[in-house]
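[1] Sequence and predicted structure, then a few things I'm wondering about:
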Amino acid sequence: MINNNADPAEIFRQEAADLLEQLEQALLDLDRTPDDRDLVNTAFRALHTIKGSGAMFGFEEVAAFAHEFESAFDRVRKGETPPNPELIAIALNAKDFIRSQIERPEETDAVIGVCILADLRQLVAASGTGFIAEIPLSDSKDTGGATAEPASTYRIRIRFNKDILVNGTNPLLLLNELRDLGECEVICHTDAVPALSEIEPGACYFHWDVVLKTAQPRSAIDDVFIFVQDDMTLDVERIEAQKVAPAATQPPTARASAEVASLPTVEHHVAPAETAAKRTGDSRGNKDASTIRVQAERLDEMMDRVGELVIAQARLSQLASGTGTKGVAEEIERLTSALRDAMMGIRMVPIGTLFGRFRRLIHDLSRDLGKEIELTTEGEETELDKTMIERLADPLVHVIRNAADHGLEDPASRIAAGKSATGHIVLSARHAGAEVQISVKDDGRGLDAKRIRAKAEENGLIAPDTVLTDTELYQLIFQPGFSTAKEVSALSGRGVGMDVVKRTIESMRGSIDLVSEPGQGSQITLRLPLTLAIIEGLLVRVADARYVIPLTAVEECVELSAAEDKRSKGRSFLNIRGDLVPFLRLRELFEEHGESDAHQKVVIVAAGDTRVGLVVDQIIGSHQTVIKSLSKLHADVPSFSGATILGDGAVALILDVLHLIALGQLREAKVKNSKLELV
Amino acid sequence: MLTSEETTRQVLMLGLAGEVFAIEAQQVREILDPIPVTRVPGAKGYVSSILNVRGKVIPLADLRLRFGMPPAPITPDSRFIVIEIEVAGEPTTVGIVADKVYEVTELDTTSLQKAPPIGMHWQPEFVSGIGKWKDDFIVVPNLERIFN
């Protein structure tokens, strides 16, 4: 809906991505509950829609493959072949093949598809009876009609939801399909059509009565409507031949106007708002970062807020010269921040969209590693900025692989250790203040402190006699080039990994916690800010320049008294309630010359357990900071994580607190070392 | 930057420390009067500040420092020329300072000569060619090289 003029192929790609995800989820669920007919139908419907729209948008190969896949799968749908793990595995491969056909057609070898289909047919045939794999399978409708039945007559009442045309369904095609089943009499009822002035051009006001004489079983009729049954009421009744009477009196105009009414389907094809709103329930956001499908309530909410803002703004203009300005100005401020929050809400999507992908990962890992793994997910509804969700995918894949590969033991060792043979991985997400915590917890063997130490010494990361706590040792796994896997497996243990994970998380202004209990398992928690785009900042002045310090990092602000300032010349430590905190003079760091203000302030920022003070000339106040990234030309400037535009149009730089803390630590270490040398 | 197929190019003539530079007009997005800029401490000298151009934060480059010319303050005659170039493989909007902007004109590319390897106090790789315009010598800078 955001791109009304989007490339149709792109629309298909997005839709297909959603559908493929549905298909995958349904297949994975089937793996667990093979008897669930609804799941089979869901899978089948997704596949059928891919086939249909694939053909419509010119993805002929996709449509052809989906058709074959669907045909093979049809036996499962009819309950002739029960879904089993092997079948699910192949069906998943087939799904992957369709995805690659759509996303990377030039790299996709059709031969693979042929093999997958052959496997699929063989499996389906093996468990069914009398099924010959080589026969090209036809559409569900035809195969469904194989069993001959004496002709019988049905009265079919069809009433579609008003918005059916908007969804791209053409009732006339469905009626034609009915006509294919046998002798058919169609009556169109036009009594619900409102006066011309009230007609919504995209709505379907007709309903139909059909009398059908067919040798096909009743299920053939249901099959015609299988993909629209949620958006219609269908009433099929078997009747005696003589009752058919009231059919013929159909005014010729009715049919004509039915065709007119169906025309708007074409124009509405690029899903307008209502359709998108209807769809979001199952689509749950797609994978493309540039377009987002948005829940309609959220847009409504935004609209309401903007409306309020406009009214308040009008009041403000009226009162501008009078007194009362302050109150209105405050209201404007309140509304603007509400508007901002609503706006941010638009960018938020539930993390469940991401978690869903990991079920497949666990399924494959479980098979490849020969370990029984059960994945539990919690807090799927936790919302996170969409761009962050995208960026989290790879780090989480890595963490989960590590948990499955290195963390969980093989079934035999687990039983020996008195645990259940099935390993458990819990993937959870929750909000905690202004951050989101995503954790991956396993009940495996836990980190091996001894092996980490041995490896770190071997790699020269630590000196052999360094005294480190287990927690400090665990942190070593985040060092570049560190890998404890004795054998490099195909899945993990190439030594590129946890350091990349750490870097990615830090680039999103997040951090990683790691807890491990030998024999009990480990838990890795990724802590991330809610959004990438806007932060609360503290605006400060250093010489004539203004800077923003992210407020989440600020612990407190204290005054640097003249006495302390003098005393601390040469040694950059501050006594904060008995603790020595190193500090950095931003004037020096930013090469500002000239005299500092008489009453300098120190902003104490913290990350984890480490603190550092930043000496500034003035604290201006809090500032809603919209983060703009710096260009590649400033990629070599580590002190700043970005820039923002202030109320007066000037640009202020945002301090990179992690870097400044590291810098403070470095100075502290230097001071300590030089002291040691003096002793 | 300058292909042999077409013999003339639309270029923007600008003055910098007494020299005339020609920048391909296609790369130019807009020309701004000087506005306040924000210094980026620790940045490379020739891209020492950033500015706000219609809600976008872009770096401001001073080609003087790339051509070994002495730095000069921004005057009311100065102009910020907003161009779009590739930096490290990413299309990037960059502002460059000019002492003066003359005009957009056709430049006959066949009249351009390769920068002589000697007798020039500039780094030869930053110069795509040297030509003549009216009675002045002009420099066609190689912006891709300058910014990468």
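    Ah, there it is.
[2] what are the phi and psi values for whichever residue of chain B sits closest to chain A?
    Residue nearest to chain A within chain B: B:Pro41 (3.6 Å; Cβ to the nearest Cβ). All C-beta spots, glycine's among them, are computed from the backbone N, C-alpha and C. The phi/psi pair for B:Pro41 (degrees, to the nearest 10) reads phi -60, psi 130.
[3] Please name the nearest non-neighbouring residue to it.
    A:Phe590 (3.6 Å; Cβ to Cβ, 6 or more residues apart in numbering or on different chains).
[4] which bits of chain B sit near chain A?
    Contacts of chain B with chain A, taken as Cβ under 8 Å from any Cβ of the partner chain, map to B:35-44, B:47, B:50-52, B:55-59, B:61, B:87-88, B:90, B:92-94, B:147.
[5] any idea how far B:Lys114 is from A:Val581?
    From A:Val581 across to B:Lys114, the span is 59 Å (Cβ to Cβ, to the nearest Å).
[6] returning to what we had before: show me what contacts the residue nearest to B:Pro41?
    A:Phe590 makes contact with A:542-543, A:545, A:639, B:41-42 under the criterion Cβ atoms under 8 Å, 6 or more residues apart in numbering or on different chains.
[7] Apply 10 Å and report the result again.
    Neighbour list for A:Phe590: A:542-543, A:545, A:547, A:584, A:639, A:653, B:39-42 [criterion: Cβ atoms under 10 Å, 6 or more residues apart in numbering or on different chains].
[8] again, but for A:Ile654
    A:Ile654 is in contact with A:535, A:537, A:547-550, A:625, A:627-630, A:639-644, counting by Cβ under 10 Å, 6+ apart.
[9] can you pull up the bridge partners for it?
    Beta-bridge partners recorded for A:Ile654 (DSSP bridges): A:Val548, A:Gly642.
[10] any idea how far it lies from chain B?
    Taking Cβ to the nearest Cβ, to the nearest Å as the measure, A:Ile654 falls 11 Å from chain B.
[11] quick one: which of A:Val581 and B:Lys114 has more around it?
    Neighbour count, other Cβ atoms under 10 Å in any protein chain shown: between A:Val581 and B:Lys114, A:Val581 has more, with 21 against 10.
[12] Point to the helix or strand of chain B where mean pLDDT is at its lowest.
    Within chain B, no helix or strand scores below strand B:127-133, which has a mean of 85 by mean pLDDT, DSSP states H and E.
[13] Adjacent strands (with direction) for the next helix or strand after that strand?
    Next along the chain after strand B:127-133, taking DSSP states H and E as the criterion, comes strand B:136-141. Strand B:136-141 pairs in its sheet with strand B:19-24 (parallel), strand B:127-133 (antiparallel), by DSSP bridges.
[14] can you redo these as a markdown table with distance to A:Leu123 and mean neighbour count?
    Below are those laid out as a markdown table (distance: least, Cβ to Cβ, whole Å; neighbours: other Cβ atoms under 10 Å in any protein chain shown):
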| stretch | distance to A:Leu123 | mean neighbour count |
| --- | --- | --- |
| strand B:19-24 | 62 | 20 |
| strand B:127-133 | 64 | 19 |
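[15] Now distance to A:Ala456 too, for those strands, in CSV please.
    Converted to CSV, the strands paired with strand B:136-141 look like this (distance: least, Cβ to Cβ, whole Å):
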stretch, distance to A:Ala456
strand B:19-24, 53
strand B:127-133, 51
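[16] Specify the stretch among those that is closest to A:Ser428.
    Closest approach to A:Ser428 among the strands paired with strand B:136-141 (Cβ to Cβ): strand B:19-24, 54.8 Å.
[17] tell me which strands and helices whichever helix or strand comes after that closest one is in contact with?
    Proceeding N to C from strand B:19-24, the next assigned helix or strand is strand B:28-32, under DSSP H and E. Where contact means 3 or more Cβ pairs under 10 Å, 6 or more residues apart in numbering or on different chains; DSSP states H and E, strand B:28-32 is packed against strand B:8-16, strand B:49-53, strand B:79-87, strand B:90-98, strand B:100-108.
[18] Buried deepest among those, which one?
    strand B:49-53 (a mean of 21; mean count of other Cβ atoms under 10 Å in any protein chain shown).
[19] and that strand, which strands flank it?
    Within its sheet, strand B:49-53 is paired with strand B:38-39 (antiparallel), strand B:56-61 (antiparallel), according to DSSP bridges.
[20] Tell me how far that strand lies from the chain's centre.
    How far strand B:49-53 lies from its chain's middle: 17 Å, per Cα atoms, centre = their mean, to the nearest Å.
[21] now it against strand B:90-98, angle please.
    100 degrees (axes from the mean of the first three to the mean of the last three Cα atoms, to 10 degrees).
[22] I'd like the mean pLDDT over strand B:49-53, please.
    The average pLDDT for strand B:49-53 rounds to 92.
[23] Stretch A:546-557 now?
    91.
[24] buried ones in that stretch?
    A:546-554, A:557 (16 or more other Cβ atoms under 10 Å in any protein chain shown).
[25] What is the end-to-end distance of stretch A:189-199?
    Start-to-end span of stretch A:189-199 (Cα to Cα, to the nearest Å) is 16 Å.
[26] Flag every buried residue along that stretch.
    So stretch A:189-199, judged by 16+ other Cβ under 10 Å, has buried residues A:189-190, A:193.
[27] likewise stretch A:176-193?
    Judged by neighbour count (16+ other Cβ under 10 Å), stretch A:176-193 contains these buried residues: A:178, A:181-182, A:184-190, A:193.
[28] which pair in those spans the largest distance?
    Within these, two members stand farthest from each other by Cβ to Cβ: A:Gly182 and A:Val193, at 29.1 Å.
[29] Any stretches of chain B with poor pLDDT?
    Filtered on pLDDT under 70, chain B yields the residue ranges B:1-6, B:117-120.
[30] re earlier: could you dump the strands paired with strand B:49-53 to a markdown table with mean neighbour count?
    A markdown table is the format used below for the strands paired with strand B:49-53 (neighbours: other Cβ atoms under 10 Å in any protein chain shown):
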| stretch | mean neighbour count |
| --- | --- |
| strand B:38-39 | 19 |
| strand B:56-61 | 23 |
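[31] Now tabulate those strands in a markdown table and tack on distance to A:Arg13.
    As requested, the strands paired with strand B:49-53 are exported to a markdown table (distance: least, Cβ to Cβ, whole Å):
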| stretch | distance to A:Arg13 |
| --- | --- |
| strand B:38-39 | 41 |
| strand B:56-61 | 29 |
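[32] among those strands, which is nearest B:Met69?
    Of all the strands paired with strand B:49-53, strand B:56-61 comes closest under Cβ to Cβ, at 13.2 Å.
[33] State whether A:Val467 is indeed within a helix.
    No. Counting by DSSP: H, G, I helix; E, B strand; the rest coil, A:Val467 is not part of a helix but coil.
[34] ok, it - contacts?
    Per Cβ under 10 Å, 6+ apart, neighbours of A:Val467: none.
[35] Buried residues, stretch A:470-484. List them.
    Quick answer for stretch A:470-484 (16+ other Cβ under 10 Å): A:470, A:473-478, A:482-484.
[36] Could you let me know which of these ends up closest to A:Glu106?
    Nearest member of those to A:Glu106, counting by Cβ to Cβ, is A:Ser483, at 34.9 Å.
[37] hang on, A:His67 packs against A:Gly54?
    Yes. Using Cβ atoms under 10 Å, A:His67 is in contact with A:Gly54, at 8.9 Å.
[38] Who has more neighbours out of the two?
    Counted by other Cβ under 10 Å, A:His67 and A:Gly54 do not tie: A:Gly54 has more neighbours, with 25 against 21.
[39] Tell me which helix or strand the more buried one sits in.
    Assigned by DSSP H and E, A:Gly54 falls in helix A:37-56.
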